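**Q** give me coordinates for this.
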Amino acid sequence: MITAILNGFRRPDNLNEQLDALKNQSVPPTEILLWYNHPGDDNLNYDIGTEIPVAYCNYNFGVWARFYFAMNASNPYICIFDDDTIPGKRWLENCMETMKTHEGLLGTVGHLYLNPLPPERASYYEHYVRFGWIDNGNNDVPVEVDLIGHSWFFKKEWLSYYTRELPDPKYNTCGEDMHFSYMLQKYAGVKTFVPPHPTNNRELWGSIKGSQYGADSVSMWETNQPSLEGTPFKQIMNEYFVEQRKRGWKLINER
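**A** Reported below is the predicted structural model:
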């Protein structure tokens with residue numbers, strides 16, 4: 001019932017570990033697809049043979065293309081993973097169980113903005129609480145949040161909402177997380193949740209090595225690398241957050 005979408009870019013050493021983690025899931029995906037972003041980069045040297053279907057792209061289209069690629073999934077549920085995200089062995093089971101009680105867009109880490117500023121003074125970096133795999137943000141029950149990241153579990157049919165409005169290409173390195181939550185809110189009334197991430201059971205976590213892999217030398221967040229348009233990553237992320245708020249995205253604590 002589940003298709004897993006992996007993303008290849010600058011972390012080739014993580015791919016085999018991701019594949020092993022998916023094969024060993026208590027509820028394993030019946031299909032795995034790989035979006036191979038910009039294979040002309042010398043750092044991308046995956047040797048996976050014909051084990052899984054791979055889409056090779058000779059251009060870096062950023063973080064959005066893998067969601068469009070997900071249209072090729074043959075299952076009713078999809079889970080898209082960042083390339084720094086290794087799920088615990090019961091993550092997909094956790095998502096399926098959460099869907100029964102909190103049907104929505106699910107992810108392994110989420111932001112809940114406590115006192116959001118008006119859109120004209122909004123900032124992605126304003127005060128928020130994080131839930132999910134992080135050591136000081138674990139949650140024993142599903143928690144509604146404003147946006148999620150690192151992995152996205154959802155019904156395939158919801159991709160029709162994802163593509164209802166299209167972003168300016170200058171935001172191709174960020175914003176897919178905000179966009180999905182906003183489109184589901186606007187067109188389907190679907191909420192965003194972080195499934196349970198209990199401190200004493202990492203098998204349920206969506207990312208068990210996030211602090212290790214997500215803070216390496218190729219992380220755009222840690223290094224503040226420029227976007228494909230040349231703007232520093234953190235600046236373009238904030239610009240997109242402000243733009244979405246101005247367009248009508250309502251955060252939980254301002255509804």
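**Q** surely Asn37 touches Leu6?
**A** No. Applying C-beta atoms under 8 Å as the test, Asn37 and Leu6 come out as separate, 10.7 Å apart. All C-beta atoms are positioned from the backbone trio N, CA, C, and that covers glycine.
**Q** name the nearest residue to Leu6, sequence neighbours excluded.
**A** Leu34 (4.7 Å; C-beta to C-beta, 6 or more residues apart in numbering).
**Q** do Lys250 as well
**A** Gln185 (6.9 Å).
**Q** tell me, how many residues neighbour Arg121?
**A** A count of neighbours around Arg121, defined by other C-beta atoms under 10 Å, yields 10.
**Q** pLDDT value on the residue nearest to Lys250, please?
**A** Predicted confidence (pLDDT) for Gln185: 98.
**Q** could you pull out the buried residues of the biggest helix by length in the chain?
**A** Ranked by number of residues, the top helix in the chain under DSSP state H is helix 233-247. For helix 233-247, the neighbour count (16 or more other C-beta atoms under 10 Å) marks Phe233, Lys234, Ile236, Met237, Asn238, Glu239, Tyr240, Phe241, Val242, Glu243, Gln244, Arg245 as buried.
**Q** so who does Leu159 touch?
**A** Leu159 makes contact with Phe67, Ala70, Met71, Ile78, according to C-beta atoms under 8 Å, 6 or more residues apart in numbering.
**Q** that's a helix at it, yeah?
**A** Yes. Per DSSP: H, G, I helix; E, B strand; the rest coil, Leu159 lies within a helix segment.
**Q** can I get stretch 95-107 in PDB, CA atoms only?
**A** Below are the C-alpha coordinates for stretch 95-107, written out as PDB (Å, rounded to 0.1, in the frame of the first residue of the first chain):
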ATOM      1  CA  CYS A  95       2.200   6.600  10.000                       C
ATOM      2  CA  MET A  96      -0.500   4.100   8.900                       C
ATOM      3  CA  GLU A  97      -1.800   3.800  12.500                       C
ATOM      4  CA  THR A  98      -1.800   7.600  12.900                       C
ATOM      5  CA  MET A  99      -3.800   7.900   9.700                       C
ATOM      6  CA  LYS A 100      -6.600   6.000  11.400                       C
ATOM      7  CA  THR A 101      -7.100   8.600  14.100                       C
ATOM      8  CA  HIS A 102      -5.500  11.800  12.600                       C
ATOM      9  CA  GLU A 103      -5.800  11.600   8.900                       C
ATOM     10  CA  GLY A 104      -3.500  14.300   7.500                       C
ATOM     11  CA  LEU A 105      -0.100  15.100   6.100                       C
ATOM     12  CA  LEU A 106       2.400  13.400   8.400                       C
ATOM     13  CA  GLY A 107       6.100  14.100   9.000                       C
END
